[in-house]
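> The sequence and its predicted three-dimensional model are supplied below.
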Amino acid sequence: MATQTTISVPALMGAIMCIGVATANSILMITFANDQRKEQNMNARDASLSAGLTRLRPVVMTAFAMIIGMLPMSLGLGEGGEQNAPLGRAVIGGLLMATVSTLFFVPVVYSLMRRKTLSVTTVEELR
């Protein structure tokens with residue numbers, strides 16, 4: 001919408017690529033938080049904060065590498081460049097949103113879900 005690009009097959013392919021990268025980054029973040037929580041006996045909030053700080057650099061590097069790689073395609077220069085420009089634009093926009101989501105939204109949801117799971121487990125242990 002921001003680039004006035006229509007939704008087309010290349011744009012949808014770019015969206016699928018972004019979903020894949022975002023999912024991989026989120027899985028790595030959650031796995032790291034789980035490992036931190038179990039190995040160092042942390043609560044969910046501290047584990048998600050530690051995972052966010054530790055995985056910040058790899059997530060940002062992955063996103064920016066793909067963004068820089070898609071920048072020439074998104075400009076649509078050259079013969080036939082307009083045909084694949086939506087793919088590049090979708091990947092760039094999607095990766096920007098996915099990176100913010102992975103770094104801020106996923107750790108918050110993880111800590112909330114783990115806290116809920118922990119409180120249910122604690123109640124069952126008390127019975």
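Thanks, I have the structure now.
> List the contacts of N25.
55, 58-59, 62, 98-99, 102 (C-beta atoms under 8 Å, 6 or more residues apart in numbering). Quick note: C-beta positions are derived from backbone N, CA and C, even for glycine.
> Tell me the secondary structure of it, please.
With DSSP: H, G, I helix; E, B strand; the rest coil as the basis, N25 sits in helix.
> That one and G52: what is the separation?
Applying C-beta to C-beta, to the nearest Å, the value for N25 to G52 is 11 Å.
> didn't P10 look like it was pressed against G80?
No. In this structure, P10 is not within contact of G80 by C-beta atoms under 8 Å, at 11.8 Å.
> and those two? which has more neighbours close in?
Taking neighbours as other C-beta atoms under 10 Å, P10 and G80 compare with P10 leading, 19 against 8.
> Apart from its chain neighbours, what residue comes closest to the more buried one?
With sequence-adjacent residues excluded and distances taken as C-beta to C-beta, 6 or more residues apart in numbering, P10 is closest to L87, at 3.8 Å.
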